[in-house]
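Engineer: No letters, just coordinates:
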Ligand code: CO8
């Protein structure tokens with residue numbers, strides 16, 4: 001499929017999506033949302049793909065929702081169309097998605113990165129929720145996900161002052177999993193995704209589901225959920241293969257069965 005606002009490619013078992021609205025610093029409009037969701041769904045449906053990387057440009061992962069598209073929207077339209085509800089579909093992807101962030105990840109851009117399973121940041125990355133400076137508040141999950149990532153004090157600071165956080169602070173605060181030199185960002189993210197894609201896909205998907213459950217439920221329920229998933233993995237050939245390979249001191253050959 002031909003896309004206008006993103007570029008898709010495959011690198012081995014990794015699907016790579018590059019946001020591509022350079023003149024608007026990858027501002028997220030309805031078109032980019034539709035294309036991103038379509039690309040992610042396509043990669044999730046492709047049995048040859050085990051993980052996905054979403055990245056932007058050197059200057060901006062994404063500088064937020066498209067302010068020029070949003071500015072004329074009435075309350076009636078925003079409410080009745082449930083404006084931007086489509087982003088929820090992005091979070092329903094079952095294969096892992098890594099955000100590779102360089103430059104600005106602001107507003108909806110920061111929120112998109114947080115919708116991914118983890119964030120690898122270039123040392124040039126800058127995260128922020130500057131919506132307050134526009135007379136609004138985060139609307140794609142920033143007030144909720146940022147608070148879970150970095151805690152109340154820092155999330156309040158970010159959402160109330162609109163200030164940006166650099167890559168080092170983002171790593172210190174738990175927002176990003178690792179920081180790499182900007183020139184190596186995509187290569188490092190694809191390498192991490194390729195490593196994941198080499199594991200057994202059902203166990204990768206269950207690991208993602210189990211970690212995500214930690215955000216949605218009590219500890220006792222989460223532990224029970226994890227244990228039941230763990231038990232179910234013993235029904236897979238990949239569990240037999242993985243453990244046999246360890247005992248036989250060889251590399252496992254997972255077949256996703
Ligand atoms: N929307 C639309 N266009 C943008 C955006 C944006 N978010 N960000 C940048 N652009 C455009 C600029 O208008 C400019 O276009 P033009 O050349 O036509 O004037 C071009 O990108 C380059 O930008 P700048 O000239 O401003 O570049 P600078 O290097 O000087 O500054 C900044 C870079 C600091 C990133 C600056 O562009 C900026 O502050 N951008 C806006 C950041 C922002 O406020 N983001 C939050 C947006 S609101 C949001 O994300 C809400 C999400 C929730 C929605 C949920 C709905 C339910």
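Structural biologist: All right, it came through fine. All figures in this text were calculated on a predicted structure; none of them were measured in a lab.
Engineer: Can you report how many residues lie near the residue of the stretch 151-257 of the chain found nearest the ligand?
Structural biologist: Of all residues in the stretch 151-257 of the chain, residue 162 sits closest to the ligand, at 7.9 Å by Cβ to the nearest ligand atom. (Glycine included, C-beta is placed from N, CA and C.) Per other Cβ atoms under 10 Å, the neighbour tally for residue 162 reads 16.
Engineer: Which strands or helices does the helix or strand harbouring residue 76 pack on?
Structural biologist: In the assignment (DSSP states H and E), residue 76 maps to helix 75-80. Secondary-structure packing of helix 75-80 (3 or more Cβ pairs under 8 Å, 6 or more residues apart in numbering; DSSP states H and E): no helix or strand packs against it.
Engineer: domain ranges for the protein?
Structural biologist: What the TED database lists as the domains of the chain is 4-195, 199-246.
Engineer: I'd like those written out as a markdown table, with distance to residue 252 and mean pLDDT added.
Structural biologist: Below are the domains of the chain laid out as a markdown table (distance: least, Cβ to Cβ, whole Å; pLDDT from 0 to 100):
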| stretch | distance to residue 252 | mean pLDDT |
| --- | --- | --- |
| domain 4-195 | 13 | 97 |
| domain 199-246 | 4 | 97 |
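Engineer: Report the contact partners of the closest residue to the residue of the stretch 151-257 of the chain closest to the ligand other than its chain neighbours.
Structural biologist: Spatial nearest neighbour of residue 162, excluding adjacent residues (Cβ to Cβ, 6 or more residues apart in numbering): residue 130 at 4.0 Å. Taking Cβ atoms under 8 Å, 6 or more residues apart in numbering, we find residue 130 in contact with 64, 106, 107, 162, 164.
Engineer: residues near residue 41, how many?
Structural biologist: By other Cβ under 10 Å, 14 other residues sit near residue 41.
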